[in-house]
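Participant: for reference, the sequence and a predicted model appear below.
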Amino acid sequence: MATNEILEGLIKDPDRLKDLADEAKELALQHGALLRIFENPNSSEVITYTPFTLFPSPVPKAKFLQALALQIHYNLLVDRISQDPGFLEEALARRILQMLGLLEESQCVPENNCIAGMTRALARAWELYGQQEAVVMFLVEDVQLHKLGQRCIEHQLWRRGIRVIRRKFEEVSSTGHLNGDKKLFVDGLEVAVVFYCHGFMPENYKEQSWDVRLLMERSLAVKCPDISTHLAGTKKVQQELARPGVLERFFPDQPQVVEQIRATFAGLYSLDMGPEGDQTVAMALANPEKFVLKPQREGGGNNVYGEDIVRVLEEVKGDKRRAAYILMDKIRPKTEQNILLKTGQPLKLTSVCYEIGAFGAYVRQGKDMVMNECVGHLLRTKNSEQFEGGITARVSALDNPLLV
């Protein structure tokens, strides 16, 4: 384990630390942990490594295994929500919104190959569509910082004999159409699967983008995700799921699953207009340091903390704009010591905290579940003084769990 003594020893030996960091960066580049640079995000002429930690972070083995075991239940939960329009309407109607010789410790870092699992799911969906000449279309953004990471999935699909195309909203708008059988064609190619790499935030949509989204939703192509599954992941739905009795609606005969899922929830509180929302406002204004104010946004950089909660709520507390937010108990994670490797930043010992995510792969055909797996994990680590995260924004860094 990278104990504090080892870390402090490295800090006192800058030449050894630099050699170790340089070797780690080269390994990252060799293994495809690549990121385009902000100054030229649509070119691969100049690239850098994705921010990462020099050492794996200690993670309690029981908590790690709990997160992975729960993912198949979360897959089912999201799918069942997506098939329950009544629940979605209720939830959203208020707002549609091994380098140091530590060989024994190295065996405690679990394998992780989420790319293979995600590729397998996309390939299965393509197979179920049943047209060998059809393509998988990646719906991508104008500024493609993430393109090199997406290429890993593309290459694995190509190896399976599945053709992949990349298109933006405006390109689908100009060359996309449905035939009489509601099959989707783009540039004359039949599309079997639409894989959204973009379109998860309101600002991603211009007027024509909404028309394109509707076109794709109406088609027979498999959508990853379709609009119902997209809505099932919103914060308003998370808030509703935290209410007593709601999880039981989706797992009526599985109290153990309900208990396991509920154990992962933080406190979530409604800001809808009415007595319940008024009580939430008062609670947040009295102790803003205990909470996080979350809007209906994804991608990081949107949450509100501390005294800024007071400022925002004082502005919106008397009108319906406050329903665009939910209030959540602020999580106070355990901190560790590590060294963050980021382009242009000095090597130093840093107090860090992390979050664990699990990658779920789920495929359903009609009412029949075809695939439900946990296919990998993500450990994202940042300076413990940072509120927000985000690897692309160079705030957080990729990490590996050292199971203890």
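Facilitator: Sure thing, it's come through.
Participant: hey, let's count contacts and neighbours off CA atoms from now on
Facilitator: Will do.
Participant: buried set for stretch 136-149?
Facilitator: For stretch 136-149, the neighbour count (16 or more other CA atoms under 10 Å) marks 136, 137, 138, 139, 140, 141, 144, 145, 146, 147, 148, 149 as buried.
Participant: only C-alpha atoms, please: export that stretch in CSV.
Facilitator: As requested, the backbone C-alpha atoms of stretch 136-149 are provided in CSV (Å, rounded to 0.1, in the frame of the first residue of the first chain):
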residue,chain,number,x,y,z
VAL,A,136,-24.2,1.9,-35.1
MET,A,137,-24.4,5.7,-35.0
PHE,A,138,-22.5,7.7,-32.3
LEU,A,139,-24.4,11.0,-31.8
VAL,A,140,-21.5,13.4,-31.0
GLU,A,141,-20.9,17.0,-30.0
ASP,A,142,-19.3,19.8,-32.0
VAL,A,143,-16.3,20.0,-29.5
GLN,A,144,-15.1,16.5,-29.3
LEU,A,145,-12.7,16.3,-26.3
HIS,A,146,-13.9,12.8,-25.6
LYS,A,147,-13.4,11.4,-29.1
LEU,A,148,-10.3,9.3,-28.3
GLY,A,149,-12.1,7.5,-25.4
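Participant: contacting residues around it?
Facilitator: Contact with stretch 136-149 is made by 32-38, 41-42, 126, 162-169, 191-199, 392, as judged by CA atoms under 8 Å, 6 or more residues apart in numbering.
Participant: repeat for stretch 216-231
Facilitator: So stretch 216-231 is contacted by 78-79, 81-83, 85, 88, 125-126, 129, 178, 182-184, 191-196, 200, 237 (CA under 8 Å, 6+ apart).
Participant: where in the stretch 51-200 of the chain is pLDDT low?
Facilitator: Within the stretch 51-200 of the chain, the segments meeting pLDDT under 70 span 84-103.
Participant: tell me the mean pLDDT over stretch 337-357?
Facilitator: For stretch 337-357, mean pLDDT is 89.
Participant: just the terminal-to-terminal distance for it.
Facilitator: 20 Å (CA to CA, to the nearest Å).
Participant: list the buried residues for that stretch?
Facilitator: Buried, per 16+ other CA under 10 Å, within stretch 337-357: 337-342, 347-348, 350, 352-354, 356.
Participant: again with stretch 222-238
Facilitator: Residues 222, 223, 224, 226, 228, 229, 231, 232, 234, 235, 236, 237 are the ones in stretch 222-238 that count as buried (16+ other CA under 10 Å).
Participant: quick one: which of the buried residues of stretch 136-149 sit in helices?
Facilitator: 147, 148, 149 (DSSP state H).
Participant: which among those residues gets closest to residue 214?
Facilitator: Here the nearest of these to residue 214, counting by CA to CA, is residue 147; it sits at 24.7 Å.
Participant: for the closest one, give its distance to residue 33.
Facilitator: Taken as CA to CA, the span from residue 147 to residue 33 is 12 Å.
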